[in-house]
Structure formats: C-alpha cells, structure tokens
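Participant: Structure here, sequence nowhere to be found:
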C-alpha cells in the first residue's frame, strides 16, 4: 500500500489575493501617485517590494521572461532613486512609468498562476531580509 504524505493545506494565491485586495491596490495607488508626481517614500517602497517579490518568485520558478521584467523594473527603480537623491523629489519619466506598469501587471498575473506556498515562502524570505537589514542599520547607528 502506498503511503500518503500529508502536506499542509494552503490557500491558492488567486483566492488569497482576491480576499486581500490591499496588496494589489497599494501597488496601483503607488503607480498612480508616481504618475501624478505626488508619490511618497512609502509608496516608492511598495514598488520596490513588488519588484523584489517578483524577482524572488521568478527565480524560484525559473521563469526567465518574468525575471527579465523584474530586471527592467530594477533599472527604472534605480533611475528614479538616482533622481530622488539629486532633486529630493520622486519623479519618473514615461518609459520608467511604462516599465513599472508592466511590472505590476506581470506580477499580478504571475502570482495568480502560482500556488499559495510559493507566495508565502517568497514573502517570508523578503520579510526576513528586511528585518535583518533593519537590525544591521540599527546596530551600526
């Protein structure tokens, strides 16, 4: 008789995202505020988190096309960050806005196609990394 392995029950990502719409809406609001020139640092961080989650998920699933979109968004985010350091304002060009819009669109589609475990695992990795970098900054200050 074949022995069955009991896996933990997880909610599929599509259902989890439908139940918690704040994740998607925060990204769209951040992009809209960047488009109007009223983006805050917190909204810019939402876009960075979206990019990091997408890059982690694409690496885990070996999805090169999604990874290329994340790399394109990295370039746009880097340009915006450089401009922010020079001028003190968070501004984006049309090409950068298109790259970030593509990233959000691909991210939503990508995560809807994944299992709930992948999203939770990537989120845990990103949270642990953020906590460790925050502790490093606090200890160096």
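Facilitator: It's in. Small disclaimer: the values here were computed from a predicted structure and weren't measured. Residues are numbered from 1 along each chain as shown.
Participant: doesn't residue 78 make contact with residue 48?
Facilitator: No. Using CB atoms under 8 Å, residue 48 is not in contact with residue 78, being 10.3 Å away. Backbone N, C-alpha and C define where each C-beta goes, glycine included.
Participant: what about the helices in the protein?
Facilitator: Assigned by DSSP state H, the chain shows helices spanning 13-19, 22-36, 41-61, 64-87, 94-112, 116-140.
Participant: between these, which gets nearest to residue 3?
Facilitator: Across the helices of the chain, residue 3 has its closest neighbour in helix 116-140 (21.4 Å, CB to CB).
Participant: Give me the helices and strands touching the closest one, please.
Facilitator: helix 13-19, helix 41-61 (3 or more CB pairs under 8 Å, 6 or more residues apart in numbering; DSSP states H and E).
Participant: What's the mean pLDDT across the shortest one?
Facilitator: Per-residue confidence for helix 13-19 averages out to 64 on the pLDDT scale.
Participant: these two touch, right, residue 50 and residue 28?
Facilitator: No. Using CB under 8 Å, residue 50 is not in contact with residue 28, being 10.2 Å away.
Participant: okay, those two: which has more neighbours?
Facilitator: Taking neighbours as other CB atoms under 10 Å, residue 50 and residue 28 compare with residue 50 leading, 25 against 14.
Participant: contacting residues for the more buried one?
Facilitator: 27, 103-104, 107 (CB atoms under 8 Å, 6 or more residues apart in numbering).
Participant: Could you work out the most separated pair of those residues?
Facilitator: 27 and 103 (8.8 Å).
Participant: And the pLDDT for the most centrally placed residue in the chain?
Facilitator: For the chain, residue 50 is the residue whose C-alpha lies nearest the centre (CA atoms, centre = their mean; 1.2 Å). If you check residue 50, the pLDDT there is 92.
Participant: sorry, back to before: burial-wise, tell me which of the helices and strands packed on helix 116-140 comes out on top.
Facilitator: helix 41-61 (a mean of 18; mean count of other CB atoms under 10 Å).
Participant: which residue packs closest to residue 44, ignoring adjacent ones?
Facilitator: residue 90 (5.5 Å; CB to CB, 6 or more residues apart in numbering).
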